[in-house]
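# Please work out how this folds:
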Amino acid sequence: MKTLRTLQTLSKIGKIISKIIFIFCLIGGIGCIVGMICLAVIPDGFKLGGITIHGIIEKNAEISIGTCYSAMAVGIILCAGEAVLCKLAENYFKNELEAGTPFTLSGARELMRLGICTICIPIGTAIAAGITYSIMSAFFTDIADFNLNNTSQIGIGVMFIVTSLLCRHGAEITGKDCEKTA
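Now for the predicted structure:
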């Protein structure tokens, strides 16, 4: 029973972390949208003592306004994808805590879905971000290159899938949820 308590504690932590990252993704995505709107609505930028925000960005940060637009557009896509993953993870942890054990067939199916989504969503967002970057490159000059390498989540997704199979096996051995599959 000590191991089950540890698993439940880790599930509580996972649920909290998933919720926090989900909120950060929302803030990041909304911040990118607001930034794009501000750059579009105020083309010359705010003036602070005769210096515009555009000038500060281009001179101090040494990036073009086109790069800013591109980065924010890509940021919206990446934040949206990560927010979906975090919400799926939060739901998994919530359901696992309600069940009281990870060894249920429904929990194993949900963990399998989370693993597949953890592999597919980052790949999909990287493709969408690459397309968005290409489109933005057609409209703006001097856009900095982006590295959209997001392969680390593939390993995490595979581990979720393997873990889901272990949880499914545990559910089959203990007989949890067997009546739900019929």
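# what does the average pLDDT come to for stretch 130-144?
For stretch 130-144, mean pLDDT rounds to 86.
# Would you mind pulling the contact partners of that stretch?
Here stretch 130-144 makes contact (CB atoms under 8 Å, 6 or more residues apart in numbering) with 63-67, 69-70, 73-74, 77, 146, 148. Quick note: C-beta positions are derived from backbone N, CA and C, even for glycine.
# Of all pairs in those residues, which one spans the longest distance?
Largest separation among the contacts of stretch 130-144 by CB to CB: Ile65 and Leu148, giving 20.9 Å.
# Sort out which one of the contacts of stretch 130-144 lies nearest Thr125 for me.
Nearest member of the contacts of stretch 130-144 to Thr125, counting by CB to CB, is Ile77, at 5.3 Å.
# Where does that closest one fall, secondary structure wise?
Taking DSSP states H and E as the criterion, Ile77 maps to helix 65-99.
# cool, Gly31 as well?
Taking DSSP H and E as the definition, Gly31 sits inside helix 2-41.
# mind listing what's buried in that helix?
7-8, 11, 14-15, 18-19, 21-22, 25, 28-29, 32, 35-36, 39 (16 or more other CB atoms under 10 Å).
# Counting by contacts, list what it packs against.
On a contact count with 3 or more CB pairs under 8 Å, 6 or more residues apart in numbering; DSSP states H and E, helix 2-41 meets helix 65-99.
# Whichever helix or strand comes after the helix it packs on vs helix 65-99, what angle?
Toward the C-terminus, helix 65-99 is succeeded by helix 105-139 as the next helix or strand (DSSP H and E). Interaxial angle, helix 105-139 versus helix 65-99 (axes from the mean of the first three to the mean of the last three CA atoms, to 10 degrees): 180 degrees.
# mean confidence score for stretch 89-102?
Mean pLDDT, computed over stretch 89-102, is 95.
# Name the residues that touch that stretch?
4, 7-8, 11-12, 14-15, 18-19, 22, 106-108, 110-111, 114, 167, 170, 176.
# list the contacts for the residue nearest in space to the middle of the chain?
Geometric centre of the chain, nearest residue: Glu82, 0.9 Å, by CA atoms, centre = their mean. With contact taken as CB under 8 Å, 6+ apart, Glu82 is in contact with 21, 25, 125.
# looking at it, the last one is touching Cys79, isn't it?
No: taking contact to mean CB atoms under 8 Å, the distance of 9.1 Å between Thr125 and Cys79 leaves them out of contact.
# overlap in contacts of those two?
Counting by CB under 8 Å, 6+ apart, no residue touches both Thr125 and Cys79.
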